[in-house]
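> Structure for this input, please:
(2 chains)
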Amino acid sequence: ETGVTQTPRHLVMGMTNKKSLKCEQHLGHNAMYWYKQSAKKPLELMFVYNFKEQTENNSVPSRFSPECPNSSHLFLHLHTLQPEDSALYLCASSQEPRGASTGELFFGEGSRLTVL
Amino acid sequence: GESVGLHLPTLSVQEGDNSIINCAYSNSASDYFIWYKQESGKGPQFIIDIRSNMDKRQGQRVTVLLNKTVKHLSLQIAATQPGDSAVYFCAANTGNQFYFGTGTSLTVIP
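Here you go, the predicted model:
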């Protein structure tokens, strides 16, 4: 138990569906992140939120839309995805906001997404 | 930026033996490093970290060695157990951004 909870753990969706991934951190951290993990590839940073404000978007297609209503919750809204978007989507948090001092990233268990 | 790579995609060891997993990074400005363990179906789990002002750090059964001269990082697991079977990857922090390796899959043979 890392203190970062992701739901759902598994999601299968068609290319025309709209779904959302949810992340909640119980650690009182100030920064939250979405990462994409594909087979045989390094973790890819997608979005960064510091104090619930988006500070980075790593050239992510608009079919992925993040939302951070408060510093403990993070969503990733999915719309008209492609089969190549199938991957494990990991949420992470850190105590310090990105750009401040370095510190450990705490990861959730991930949401395994399959796009048919 | 930074490029992080692991030397071996897979590693098999006998139970009880020591395991060594290696990682190389490219940016000499990287100043903080983490080793993560990821078991099947789970998220990455922190194992141990080290800052660039150190060359060795020990935890419970794990040791991380940092050689800044050759930009090399290693994770040593003592007396490897079946529960250590997982994918291990390193992360290097440069400019307050983490760069990740692809991972080494460790299999422990009973």
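
> partner strands of the strand or helix carrying residue A:5, parallel or antiparallel?
Residue A:5 belongs to strand A:4-7 when assigned by DSSP states H and E. Sheet pairing for strand A:4-7, assigned by DSSP bridges, gives strand A:18-25 (antiparallel).

> contact partners of the strand it pairs with?
A:3-8, A:11, A:13, A:32, A:34, A:72-79, A:89, A:91, A:93, A:106, A:108, A:111, A:113 (CB atoms under 8 Å, 6 or more residues apart in numbering or on different chains). All C-beta atoms are positioned from the backbone trio N, CA, C, and that covers glycine.

> mind running it again at 6 Å?
The contact list for strand A:18-25 (CB atoms under 6 Å, 6 or more residues apart in numbering or on different chains) reads A:4-7, A:13, A:72-79, A:89, A:91, A:93, A:108, A:111.

> In space, not sequence, find me the middle residue of chain A.
In chain A, the residue lying closest to the centroid (CA atoms, centre = their mean) is residue A:34, at 2.6 Å.

> Please name the residues that touch it.
Neighbouring residues of residue A:34 by CB under 6 Å, 6+ apart: A:46, A:47, A:76.

> what about the last one, how many neighbours?
What that stands for is residue A:76. Look at residue A:76: counted by other CB atoms under 10 Å in any protein chain shown, it has 23 neighbours.

> Find out how far the helix or strand bottoming out on mean pLDDT in chain A is from the centre of the chain, if you would.
Lowest on mean pLDDT, DSSP states H and E among the helices and strands of chain A sits strand A:53-57, with a mean of 79. Remark: strand A:53-57 is offset 12 Å from the chain centroid, using CA atoms, centre = their mean, to the nearest Å.

> would you list every one of the strands in the chain?
Since you didn't name a chain, this refers to chain A. Assigned by DSSP state E, the strands in chain A fall at A:4-7, A:10-13, A:18-25, A:31-37, A:44-50, A:53-57, A:64-70, A:73-79, A:87-94, A:106-107, A:111-115.

> Chain B is the one I meant
Assigned by DSSP E, the strands in chain B fall at B:4-6, B:10-14, B:19-25, B:32-38, B:45-51, B:56-58, B:62-67, B:72-77, B:86-94, B:97-100, B:104-109.
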